[in-house]
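K.L.:
with the input below, show me the fold.
(2 chains)
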Amino acid sequence: MLKVNDINVYYGSIHAVKGVSFEVNEGEIVTLIGANGAGKSTILNSVAGLLKTKTGSIEFKEKSLLGTAPHLIVSKGLAMCPEGRRIFLQMTVEENLEMGGYTRKSDEADASLIDVFDRFPRLKERRRQQAGTLSGGEQQMLAIGRALMSKPELLMLDEPSMGLAPILVDQIFSIVKELNDAGTTILLVEQNARMALSIADRGYVLETGKIVTSASAKALLNDDAVRKAYLGG
Amino acid sequence: MDFILHLINGISLGSIYAIIALGYTMVYGIAKMLNFAHGDVIMVGGYISFVVTANLGLPPAVAIVAAVAVCTALGVIIEKLAYKPLRAAPSLAVLITAIGVSYFLQNAALLIWSSNPKSYSSMFSFEPLRLFNNRLSITSVTIVTVVTGIVVMAALTLIISKTKMGKAMRAVSEDKDAAQLMGIGVNKTISITFAIGSGLAAIAGVLLASAYPIIMPTMGSMPGIKAFTAAVFGGIGSVPGAMLGGILLGVIEIIGRAYISSELSDAIVFSVLIIVLLVKPTGLLGKKINEKV
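P.N.:
Numbering: from 1, shown residues only, chains lettered A, B, ... in the order given. Model (predicted):
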């Protein structure tokens, strides 16, 4: 479904992503794991069109995404829930969700709003509240709900567990699993490698801008080098 | 009775400031730039309405529509040609460009209409409203200005809070990247913002020239600066702040002129601004901005 081939991304003169290739097949949960600064978010931002790649190709459903303006990508069925949630703090919960459905016809967006409220009853209770007043976990649910409003075929999640209490991390990951079971393909970027691998089908390990290992999630969980570096031994 | 008259005149002048300040604050909120050419768009609005009535002999309603249409287009064109190429440039470059556009518009007006002030006949010439046995007489321009101010502010508030376009504008002003991820076109949103702001500037130009019936190429500078002050006073980036700041500034200016000193009225206005900013640096209704790290 998503094919990334040999992309290089620079921040000024810093070579942040070095010849990375990977793919996500329909129905999978694929995770990119690695330390802070390994280039995980840079890769997602490149796929979403927010960053330009210098070389290589990015194809989604067999069509190139390169050169597509970021705001035109979401309507192709590819949504991203960015790092740090980036919800609109000064808008209400419902307005945030409406923005998530910005590219869709109003009746379709209304139907998605009902789905999102079914999945996240908390958001329904707080629909008229300013998003900035929500707790961290609720904000993350809003960020995911907002991305779901475009009814994506592929959902990219960037560090959904960041800054959340362990109980909420469990909850977020089980939501991600549920979304996948319901048919959404997932590309997940995480520092919490153990959690990410526990729900993923396959994983790629990034180190300083390069993919060093790729395997099934099960194999990575049992890989000695990976255990030592990312899973605490 | 005098006081009430001054107050009404202050609200009227303040409505004009508020309408101009809305353009400043919306553009600042969304494009994060100070559009110092905004005041000169007011001047263009004044001249276009003048040409349509005095030179072409058409009715005032046509003149107003023409002024709004020309200024809306002008605002969009200025943004496309002068500011859009600088989207990623440092803010100082954009600021200097805006000052350059301001000089360009003033000098273009000098070329076309010469530096001689022209006397403008008010677009609104019905009988003044007389109250309390003729002890209080409110001119037609004042009435139209206040009513227009109310209508503009109500309409804009409604657009920004209720329509999809208005919500998208708020989303872009809060987080451009996140807005793009939602599928909101940032360039289009910025264009729309400039269109609305410049259309409002045209309305302000017609009201201003009707109230102070002399037009010249530099007529937009002072109201532009005052309205910018009003926007900062209310909290730049905040729409209700621009409205409140504009009205308060107009009232302070007229009351100050009437009761303290006509020479010092501008000094009083700017002193109040300084005091407000000392006490509350974000302006009256300004939001605390958390810098992203």
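
K.L.:
contacting residues for the residue nearest to residue A:187 when sequence neighbours are not counted?
P.N.:
Nearest non-adjacent residue to residue A:187, counting by Cβ to Cβ, 6 or more residues apart in numbering or on different chains: residue A:156, 4.6 Å away. The C-beta positions use only the backbone N, C-alpha and C, and glycine is treated the same way. With Cβ atoms under 8 Å, 6 or more residues apart in numbering or on different chains as the criterion, the residues that contact residue A:156 are A:44, A:47-48, A:78-81, A:186-189.

K.L.:
10 Å - rerun?
P.N.:
If a contact means Cβ atoms under 10 Å, 6 or more residues apart in numbering or on different chains, then residue A:156 has A:2, A:24, A:30, A:32, A:43-45, A:47-48, A:78-82, A:147, A:185-189, B:181 as its contacts.

K.L.:
quick one: the strands in chain B, in order.
P.N.:
Applying DSSP state E to chain B gives strands spanning B:118-119, B:129-131, B:136-138, B:214-215.

K.L.:
can I get those strands in CSV with mean neighbour count and mean pLDDT?
P.N.:
Formatted as CSV, the entries for the strands of chain B read as follows, by neighbours: other Cβ atoms under 10 Å in any protein chain shown; pLDDT from 0 to 100:
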stretch, mean neighbour count, mean pLDDT
strand B:118-119, 13, 88
strand B:129-131, 12, 78
strand B:136-138, 15, 81
strand B:214-215, 17, 94
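
K.L.:
of all these, which one is nearest residue B:245?
P.N.:
With Cβ to Cβ as the criterion, residue B:245 lies closest to strand B:136-138 of the strands of chain B, at 23.7 Å.

K.L.:
who's in contact with the closest one?
P.N.:
Under the criterion Cβ under 10 Å, 6+ apart, residues B:1-2, B:4-5, B:8-9, B:12, B:127-131, B:146 lie in contact with strand B:136-138.

K.L.:
identify whichever of the strands of chain B lies nearest to residue B:176.
P.N.:
Between residue B:176 and these, the tightest spacing by Cβ to Cβ is seen for strand B:214-215, at 37.9 Å.

K.L.:
direction included, what does that closest one pair up with?
P.N.:
Its sheet considered, strand B:214-215 pairs with strand B:118-119 (antiparallel) by DSSP bridges.

K.L.:
what's the pLDDT at the residue lying closest to residue A:63 once chain neighbours are set aside?
P.N.:
Setting aside the residues directly before and after it, residue A:63 is nearest to residue A:76 in space (Cβ to Cβ, 6+ apart), at 7.6 Å. In the predicted model, residue A:76 carries a pLDDT score of 96.

K.L.:
show me the two of the contacts of strand B:136-138 that sit farthest apart.
P.N.:
In the contacts of strand B:136-138, two members sit farther apart than any others by Cβ to Cβ. They are B:2 and B:127, at 21.5 Å.

K.L.:
residues near residue B:51, how many?
P.N.:
18 (other Cβ atoms under 10 Å in any protein chain shown).

K.L.:
can you list the domain ranges for chain A.
P.N.:
Chain A breaks down by automatic domain parsing into domains covering A:2-77+A:152-230, A:87-151.

K.L.:
got a list of contacts for the longest helix belonging to chain A?
P.N.:
In terms of residue count, the longest helix belonging to chain A (DSSP state H) is helix A:166-181. With Cβ under 10 Å, 6+ apart as the contact definition, helix A:166-181 has outside contacts at A:27-29, A:81, A:119-120, A:135-138, A:140-141, A:144-145, A:147-148, A:152, A:155, A:157, A:160-165, A:184-186, A:188, A:190, A:192, A:195-196, A:198-201.

K.L.:
rerun at 8 Å
P.N.:
The contact list for helix A:166-181, computed with Cβ under 8 Å, 6+ apart, reads A:27-29, A:119, A:136-137, A:140-141, A:144, A:148, A:155, A:157, A:160-161, A:164, A:186, A:188, A:192, A:195-196, A:198-199.

K.L.:
strands - which of those residues land there?
P.N.:
When DSSP E defines the strands, the subset of the contacts of helix A:166-181 inside them is A:29, A:155, A:157, A:186, A:188.

K.L.:
per-residue pLDDT, the last one?
P.N.:
Right, the one you point to is residue A:188. For residue A:188, pLDDT reads 97.

K.L.:
neighbours around the closest residue to it other than its chain neighbours, how many?
P.N.:
Taking Cβ to Cβ, 6+ apart, and ignoring the residues beside it in sequence, residue A:188 has residue A:31 as its nearest neighbour in space, at 4.4 Å. As a burial measure, the neighbour count of residue A:31 was computed by other Cβ under 10 Å and equals 27.

K.L.:
between helix A:166-181 and the one helix or strand residue A:31 maps to, find me the angle.
P.N.:
Here residue A:31, judged by DSSP states H and E, is contained in strand A:29-34. Here the directions of strand A:29-34 and helix A:166-181 differ by 140 degrees (axes from the mean of the first three to the mean of the last three Cα atoms, to 10 degrees).

K.L.:
strand partners (parallel or antiparallel) of strand A:29-34?
P.N.:
If you go by DSSP bridges, strand A:29-34 pairs up with strand A:185-190 (parallel), strand A:202-207 (parallel).

K.L.:
can you get me a residue count around the closest residue to residue B:68 other than its chain neighbours?
P.N.:
Setting aside the residues directly before and after it, residue B:68 is nearest to residue B:202 in space (Cβ to Cβ, 6+ apart), at 4.5 Å. Residues contacting residue B:202 under the criterion other Cβ under 10 Å number 28.

K.L.:
what residues are up against residue B:202?
P.N.:
Residues near residue B:202 by Cβ under 8 Å, 6+ apart: B:41-42, B:44-45, B:48-49, B:64, B:67-68, B:70-72.

K.L.:
so what's residue A:130 bridging to?
P.N.:
With DSSP bridges applied, residue A:130 shows beta-bridge pairing to residue A:92.

K.L.:
which ones are touching it?
P.N.:
Residue A:130 sits next to A:89-93 when contact means Cβ under 8 Å, 6+ apart.

K.L.:
which of the residues you listed are buried?
P.N.:
The neighbour count (16 or more other Cβ atoms under 10 Å in any protein chain shown) marks A:89, A:91-93 as buried among the contacts of residue A:130.

K.L.:
quick check: residues of chain A near chain B?
P.N.:
Residues of chain A found near chain B, taking Cβ under 8 Å from any Cβ of the partner chain as the criterion, are A:48-50, A:69-75, A:79-80, A:82, A:86-91, A:95, A:98-100, A:102-103, A:146-147, A:150.

K.L.:
narrow these to those in helices?
P.N.:
When the residues of chain A next to chain B are checked against helices using DSSP H, the ones located there are A:70-73, A:95, A:98-100, A:146-147.

K.L.:
ok, and the most crowded of those residues?
P.N.:
The residue in those with the most neighbours, by other Cβ under 10 Å, is residue A:100 (31 neighbours).

K.L.:
related to what we said a few turns ago, pick the most buried one from the strands paired with strand A:29-34.
P.N.:
Burial among those, expressed as mean neighbours by mean count of other Cβ atoms under 10 Å in any protein chain shown, is greatest for strand A:185-190, which shows a mean of 25.

K.L.:
just the residues contacting that strand, thanks.
P.N.:
If you take Cβ under 8 Å, 6+ apart as the criterion, strand A:185-190 is touched by A:1-2, A:24-33, A:40-41, A:43-44, A:47, A:83, A:153-161, A:176, A:179-180, A:196, A:199-200.
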